[in-house]
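**Student:** predicted model follows, preceded by the sequence.
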Amino acid sequence: QKEVEQNSGPLSVPEGAIASLNCTYSDRVSQSFFWYRQYSGKSPELIMSIYSNGDKEDGRFTAQLNKASQYVSLLIRDSQPSDSATYLCAVNIRGKLIFGQGTELSVKP
Amino acid sequence: GAVVSQHPSWVICKSGTSVKIECRSLDFQATTMFWYRQFPKQSLMLMATSNEGSKATYEQGVEKDKFLINHASLTLSTLTVTSAHPEDSSFYICSARDFTSQTGGWGYTFGSGTRLTVV
């Protein structure tokens, strides 16, 4: 079992729709979770971090964490074509940031 | 906010030569830095953890004699790819860890990456 797993996609949504990205992790003691966005050929850029169970909202983005289910998700509301990128889930596992394989999102105008 | 500078942004080298990549934390001290490698259409794979003043810790399957890591100061870690071969061509990204008082937890700031092409 991989330490961090994501659906690889690609995920395609129409402009204005909600994009839902999912991630599961294997280490029960993990305490901090991150969502990054990566454009082709560029370094990842942080979208959000989440540490507590529940929802955390920042603009059009909402991160959801359920530690009991070892599940973290990212919702993007009112998706825009500029949101088209690869979204990486990352989990702090014993001090190291481990990434999932990423989900490619395509927002169609 | 925390800034990490990585140089060079791209490099082309001949097979058999060595290449050094630098990662600097500009406005904070980083006792721990990380080096990742990313092949096309794949995610970031952690190569090693670089600790200031001590030996790096390598992930399983990463050759420590090929990927030399030096973390001699609190703001600089270097990765040297020795005797590079075409299969080492990849996107190398560093990350520095710092404690963020805003969240009360660790934050990870990434460099801009280095595209290595070995010909």
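**Tutor:** That came through, no problem. Note that this is a predicted model, so its numbers are computed, not measured. Residues are numbered from 1 along each chain as shown, chains lettered A, B, ... in the order given.

**Student:** after the helix or strand of chain B with the lowest mean pLDDT comes which helix or strand?
**Tutor:** Lowest by mean pLDDT, DSSP states H and E among the helices and strands of chain B is strand B:105-110, with a mean of 86. Helices and strands here follow DSSP states H and E; after strand B:105-110, the next one along the chain is strand B:114-118.

**Student:** the helix or strand that contains B:Leu68 - which strands sit beside it in the sheet, and in what orientation?
**Tutor:** Taking DSSP H and E as the definition, B:Leu68 sits inside strand B:67-73. If you go by DSSP bridges, strand B:67-73 pairs up with strand B:76-81 (antiparallel).

**Student:** what distance separates the strand it pairs with from the centre of its chain?
**Tutor:** Centre-to-centre, strand B:76-81 and its host chain are 6 Å apart (Cα atoms, centre = their mean, to the nearest Å).

**Student:** and if you look at stretch B:2-12?
**Tutor:** Distance of stretch B:2-12 from its chain centroid, counting by Cα atoms, centre = their mean, is 9 Å.

**Student:** strands of chain B, start to end?
**Tutor:** Remark: strands assigned in chain B by DSSP state E are B:4-7, B:10-13, B:19-25, B:32-38, B:45-51, B:57-58, B:67-73, B:76-81, B:90-100, B:105-110, B:114-118.

**Student:** deepest of the ones you listed, which one?
**Tutor:** Across the strands of chain B, averaging neighbours per residue (mean count of other Cβ atoms under 10 Å in any protein chain shown) puts strand B:32-38 on top, at a mean of 24. For the C-beta atoms, the positions are set from N, CA and C on the backbone; glycine is no exception.

**Student:** just to revisit the earlier point, for the strand holding B:Leu68, give the mean pLDDT please.
**Tutor:** Across strand B:67-73, the average pLDDT comes to 92.

**Student:** for chain B, see how far away the closest residue to A:Ala68 other than its chain neighbours is.
**Tutor:** Leaving aside its chain neighbours, A:Ala68 sits nearest to A:Asn53 (7.8 Å; criterion: Cβ to Cβ, 6 or more residues apart in numbering or on different chains). A:Asn53 is 15 Å from chain B, where distance means Cβ to the nearest Cβ, to the nearest Å.

**Student:** related to what we said a few turns ago, tell me which strands and helices the least confident helix or strand of chain B is in contact with?
**Tutor:** In terms of contacts (3 or more Cβ pairs under 8 Å, 6 or more residues apart in numbering or on different chains; DSSP states H and E), strand B:105-110 is packed against strand A:45-50, strand A:85-93, strand B:90-100.
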